[in-house]
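K.L.:
Next comes the sequence, and after it the predicted model I'd like to discuss.
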Amino acid sequence: MSRIGKMPIAVPAGVTVDIAENNKVTVKGPKGTLERVLPEEMEIKLEGAEILVSRPNDLKKMKSLHGLTRTLIANMVKGVTDGYEKVLEINGVGYRAAKQGKKLVLSLGYSHPVEMTDPDGLEAVVDGQNKIIVKGIDKEKVGQYAAEIRDKRRPEPYKGKGIKYADEVIRRKVGKTGKK
């Protein structure tokens, strides 16, 4: 039995969950609304203040979809209540971030500033000059946008310059040594 799949999802007060045909799940909460079409094979039931996900049989594909479906719904419920955020840090001399309206302007040692526009439903907040916080209600979109920002200048292993996640550890390497 799937340990994650069989766990019920608690629906907090102020959150409404609507399950339409073809397993189209809509979650409304204080922070906004999320909707997603989930695999049709899974059976999603709303019982009182909790959601239960069950699978029709024990095929390998069904087992793998079981835990995934439950986790996707749980992430939607958490997103509309608390929201998600990812923190990025910029390290390097002269590297900085600034916000101009909905544009994130990054100075990363290139000959030009890198400009990125916040996608719908997401917001990038600049804290100081070297901290970016990406906030939103959709976990997938928050992670994707944070990864796109990090891709503009990935951290390098020698000096540790670049954009990294706040909880990321960069493996440092020793530079060249001269001949004796």
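P.N.:
In hand now; what should we look at?
K.L.:
Show me what the longest helix seen in the chain is packed against.
P.N.:
Counting residues, the longest helix found in the chain (DSSP state H) is helix 60-81. When contacts are defined as 3 or more C-beta pairs under 8 Å, 6 or more residues apart in numbering; DSSP states H and E, helix 60-81 sits against strand 9-10, strand 24-29, strand 32-37, strand 50-54, helix 139-151. (Glycine included, C-beta is placed from N, CA and C.)
K.L.:
what about it, distance to the chain center?
P.N.:
14 Å (C-alpha atoms, centre = their mean, to the nearest Å).
K.L.:
can you tell which of the helices and strands packed on helix 60-81 is closest to Thr81?
P.N.:
Distance to Thr81, taken as C-beta to C-beta, is lowest for strand 24-29 among the helices and strands packed on helix 60-81, at 5.2 Å.
K.L.:
In CSV, list the C-alpha atoms belonging to that closest one.
P.N.:
Extracted in CSV, the C-alpha atoms of strand 24-29 (Å, rounded to 0.1, in the frame of the first residue of the first chain):
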residue,chain,number,x,y,z
LYS,A,24,-10.7,18.2,-12.4
VAL,A,25,-10.0,19.5,-8.9
THR,A,26,-10.5,23.2,-8.0
VAL,A,27,-9.2,24.5,-4.7
LYS,A,28,-10.3,27.9,-3.5
GLY,A,29,-8.7,29.5,-0.5
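K.L.:
average pLDDT for it?
P.N.:
Mean pLDDT, strand 24-29: 93.
K.L.:
and it, which strands flank it?
P.N.:
Sheet partners assigned to strand 24-29 using DSSP bridges are listed as strand 16-20 (antiparallel), strand 32-37 (antiparallel).
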